[in-house]
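Asks: one predicted model, sequence on top.
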Amino acid sequence: MGTIELLRQAYVAGLDVRAVGGKLCVSGLKRYEPLALELLDHKSELMPILQAVAIYGPYGEKTPQLTPGDLPADWRLEWEERAAIREYDGGQAREHAEAEALDEILARMLTAGDHL
């Protein structure tokens, strides 16, 4: 399974996956422990993605490095679509849906080798 697919499964399962300093932190329901362990097994591939996508404030809050306005036009359209799906089909609050969609798009850009 690819790294991005593994992250997607973690987010769908509701796991919180973060890069904090040089550590990969995974938290969530105990029943997803096998998925969490698989994430930890792929730490070396996950850390650059997570670090490129977001930085974390002193209290662990996620602060995006970029805004959707910084995205190239084609990726911005992808972001709008992903955010809408998360909000309307996934039932997420708009701000949460937009933030997660931005994380997803930035990870996909990194995987595709696209740069801002």
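Replies: It's in. Residues are numbered from 1 along each chain as shown.

Asks: give the buried residues for the helix or strand hosting Glu95.
Replies: According to DSSP states H and E, Glu95 maps onto helix 94-112. With burial defined by 16 or more other CB atoms under 10 Å, the residues of helix 94-112 counted as buried are 97-109. Just so you know, the C-beta spots here come from the backbone N, C-alpha and C atoms, and that holds for glycine as well.

Asks: packing partners for it?
Replies: With contacts taken as 3 or more CB pairs under 8 Å, 6 or more residues apart in numbering; DSSP states H and E, helix 94-112 sits against helix 3-12, helix 43-53, strand 62-64, helix 73-84.

Asks: so which of the buried residues of helix 94-112 comes closest to Glu80?
Replies: Nearest to Glu80 out of the buried residues of helix 94-112 is Ala101 (CB to CB; 8.0 Å).

Asks: how near is the closest one to Gly90?
Replies: Noted for Ala101: a distance of 10 Å to Gly90, by CB to CB, to the nearest Å.

Asks: pull up the overlap in contacts between those two.
Replies: Here Ala101 and Gly90 share no contacting residue, scored by CB atoms under 8 Å, 6 or more residues apart in numbering.

Asks: where does the protein have its least confident helix or strand?
Replies: strand 54-56 (a mean of 50; mean pLDDT, DSSP states H and E).
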